[in-house]
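**Student:** structure of the sequence below:
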Amino acid sequence: MTTLPFGSSSSQAPYPDPIPGVIPFGSLCIFMGPPKRGKTALLADWFARLRDGRPICGLPTNRPTALGLLTTDHKWHLNQAGWFAKAGFPDVRYYALRDQPDILWRKLKTPAYADMLVNRALDALALPPGGFLGIDVMGPFLTSRLNDYAEVVGGLGTISQFMDRRQLTLLGLSHMSKQKGDTRDQYKDPYERIMGSGAQIGFSDTMFYLLGPKEISQPYYEVGWQPTHAPSGTFNFGRNDLGLFVPYSTDAAAEGGEEPSEADQQRLEAVVDQMPSDPPGWTRKQLKTAIELACAVKERRADQLIWDLQQRLYITRVSRGRYVKTMFVRAT
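**Tutor:** Numbering: from 1, shown residues only. Now for the predicted structure:
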């Protein structure tokens, strides 16, 4: 027998997923990364993309009914305001805890007070059902003892209930722990580096991470995601003169190439049809070779066509140098 809470239904969710399969409607997702690596800058870009219905990391999006941001770490004008202005979303709804003169910061370690502040911020933001909330950063609302598994579960469960009552989807930012100097005693999986208890991993619906060149010994930034019921994936970024994240390297260099001709488009679709839809997929070399042969083009043009296929959501990069055929609805 299936037991459902009062007033609930087993039917389809009442609002579309912000990122189908990756950020489901009503989910609680966590986006972690080392301090000062650009999580807020990336969040600002994602908010603008969700507002406009543009792809995020090559994945299709659905517009939430509204977007709002709750911040805990900085005064608005000293940090988030600048990034959201650069991303083209200066009028985003926000509630900055640091700008509230009556906050009793020492009482944040008291769960009841932390819960009250979350609800106070949600009341001020007044997001309608189907809205999308970002919390930058979420730790202060979870517990003052991030290494205590039960405390973290209690904080996550309580925040999840707040979201459910208001029919909102949540993406909360979190910090990573530092790696140890001894390479034999370092984390192998980026998700294991989350600061505090692993309960944040187990009780979140999708985990995201952002690693910089310093962490991965590469000239780019890497964003990864691990949903509960969809394939995991990664996407590489560089940063432009404004500090905003842009597709890295070959993909970025390929941007601006001519659109494929009608004949080449048919050939590209034939190539994509041969690709698997599940990881590990094709290597970039396999994909590039197939495009070069099908369209009789050279290497640089093949790179441009790969970038074009990603932007139009025909293919998805699922790990370093590997691609699969996108099974979501493609953008037109």
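**Student:** for the biggest helix by length in the chain, name the packing helices and strands.
**Tutor:** Ranked by residue count, the top helix of the chain under DSSP state H comes out as helix 149-166. Secondary-structure packing of helix 149-166 (3 or more CB pairs under 8 Å, 6 or more residues apart in numbering; DSSP states H and E): strand 28-33, helix 111-125, helix 139-142, strand 169-175, helix 199-202. For every residue, glycine as well, the C-beta is placed using N, CA and C.
**Student:** now the longest one against helix 149-166, angle please.
**Tutor:** Inter-element angle recorded for helix 111-125 and helix 149-166: 30 degrees (by axes from the mean of the first three to the mean of the last three CA atoms, to 10 degrees).
**Student:** just after helix 111-125, pick out the following helix or strand.
**Tutor:** Toward the C-terminus, helix 111-125 is succeeded by strand 132-136 as the next helix or strand (DSSP states H and E).
**Student:** also the last one?
**Tutor:** Beyond helix 199-202 on the C-terminal side, the first helix or strand identified by DSSP H and E is strand 206-211.
**Student:** with the first one instead?
**Tutor:** Next along the chain after strand 28-33, taking DSSP H and E as the criterion, comes helix 39-52.
**Student:** run through who's touching that next one.
**Tutor:** Applying CB atoms under 8 Å, 6 or more residues apart in numbering, the contact partners of helix 39-52 are 18, 31-33, 54-56, 61, 63-64, 67, 69, 79-80, 83-84, 86-89, 92, 132, 134, 136, 171, 173, 210, 223, 237, 239, 243-245.
**Student:** looking at the residues you listed, which are in strands?
**Tutor:** Applying DSSP state E to those, the entries found in strands are 31-33, 67, 69, 132, 134, 136, 171, 173, 210, 223, 237, 239, 245.
**Student:** out of those residues, who's nearest residue 150?
**Tutor:** Closest approach to residue 150 among those (CB to CB): residue 32, at 20.5 Å.
**Student:** per-residue pLDDT, that closest one?
**Tutor:** Looking at residue 32, its pLDDT is 90.
**Student:** and the closest residue to it other than its chain neighbours, how many neighbours?
**Tutor:** Nearest non-adjacent residue to residue 32, counting by CB to CB, 6 or more residues apart in numbering: residue 174, 4.3 Å away. If you count neighbours by other CB atoms under 10 Å, residue 174 ends up with 24.
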